[in-house]
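Participant: Below is the structure, and that's it, no one-letter string:
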């Protein structure tokens with residue numbers, strides 16, 4: 001303890017002598033190094049070493065899709081929804097502008113040399129918000145799509161037995177559907193849909209609800225959930241008396 005105390009006193013004496021020597025040099029003398037200047041390079045170095053804030057490359061890309069989807073209706077192979085009595089078809093494009101020779105059972109109608117495909121049938125009946133892993137330039141489909149009706153989404157209903165007969169040969173055109181005797185046509189005033197496409201998800205999911213009125217004034221409700229194992233699968237179709 002005494003040895004350490006002596007060391008401290010010696011250092012204190014040295015500092016006092018240095019202070020007196022500095023005072024004797026006069027007020028006009030300037031130190032060789034400006035302490036402020038010496039600090040600045042260190043501060044700059046810290047700023048240069050700090051990484052810039054960048055977006056997470058794994059974050060999905062959000063796109064306002066405006067309802068521009070490459071298909072006409074929620075119909076086709078594995079895309080028919082029935083409650084055992086009625087089959088319901090929701091149209092994302094007006095039935096009036098669907099090409100007469102297009103097989104709706106194919107579902108997709110992409111642009112090609114013959115024309116714009118489903119995109120030529122405008123405007124769409126829904127708006128949409130989509131989340132893509134990278135973007136439509138590289139991905140086959142969005143990870144998630146949420147659709148909302150514009151206020152008049154066409155919905156057609158058919159007796160299930162007639163629909164099964166129409167699908168038997170694998171070809172179903174809009175004219176064939178319109179001519180089925182059991183057809184009931186209406187417009188959904190409200191429509192919502194959540195879609196996890198099979199092209200971009202290990203487990204697909206579709207859930208949609210449509211509510212509106214038929215041409216004869218009766219009300220209707222369609223409520224569908226199908227796909228993921230952790231959700232209930234059901235198809236509810238209610239048509240008013």
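Facilitator: It's in. None of the values given here were measured: they were computed from a predicted structure.
Participant: which stretches of the chain form helices?
Facilitator: For the chain, applying DSSP state H gives helices covering 2-24, 35-49, 160-167, 174-179.
Participant: worst average pLDDT in the ones you listed?
Facilitator: Lowest mean pLDDT of the helices of the chain: helix 35-49, a mean of 37.
Participant: What are the contacting residues of the longest strand along the chain?
Facilitator: Counting residues, the longest strand found in the chain (DSSP state E) is strand 184-196. Defining contact as C-beta atoms under 8 Å, 6 or more residues apart in numbering, one finds that strand 184-196 is touched by 90, 125-126, 143-149, 151-158, 203-216, 220, 222, 227-228, 239. No exception for glycine: its C-beta is placed from N, CA and C like everyone else's.
Participant: List the neighbouring strands of it plus their orientation.
Facilitator: strand 144-149 (antiparallel), strand 153-159 (antiparallel), strand 205-214 (antiparallel) (DSSP bridges).
Participant: winner for burial among the ones you listed?
Facilitator: Among these, strand 153-159 has the highest mean neighbour count (mean count of other C-beta atoms under 10 Å), at a mean of 22.
Participant: Do me a favour and average the pLDDT over that one.
Facilitator: 98.
Participant: hmm, who's touching that strand?
Facilitator: Surrounding strand 153-159, the residues in contact under the criterion C-beta under 8 Å, 6+ apart are 85-92, 94-95, 125-126, 166, 177, 180, 182-188, 191, 210, 212, 214, 220, 222, 237, 239.
Participant: Buried members of these into ChimeraX, please.
Facilitator: Provided next is the ChimeraX selection string for whichever of the contacts of strand 153-159 are buried by 16 or more other C-beta atoms under 10 Å:
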select :86,87,88,89,90,91,92,95,125,126,166,177,180,184,186,187,188,191,210,212,214,220,222,237,239
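Participant: Dump the strands paired with strand 184-196 to TSV, plus distance to residue 121.
Facilitator: Below are the strands paired with strand 184-196 laid out as TSV (distance: least, C-beta to C-beta, whole Å):
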stretch	distance to residue 121
strand 144-149	16
strand 153-159	12
strand 205-214	19
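Participant: And the longest strand of the chain, how far out from the chain middle?
Facilitator: 19 Å (C-alpha atoms, centre = their mean, to the nearest Å).
Participant: just stretch 223-236 next, same as before
Facilitator: Its chain's C-alpha centre and that of stretch 223-236 lie 20 Å apart, by C-alpha atoms, centre = their mean.
Participant: how about it: buried residues?
Facilitator: 223-228, 235.
Participant: mind giving me the domain split of this protein?
Facilitator: Domain ranges of the chain: 2-49, 61-239, per automatic domain parsing.
Participant: who's in contact with residue 131?
Facilitator: 60-63, 142-145.
Participant: Make a PyMOL selection of the buried ones in the residues you listed.
Facilitator: Listed next is the PyMOL selection for buried residues among the contacts of residue 131, using 16+ other C-beta under 10 Å:
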select buried, resi 142+143+144+145
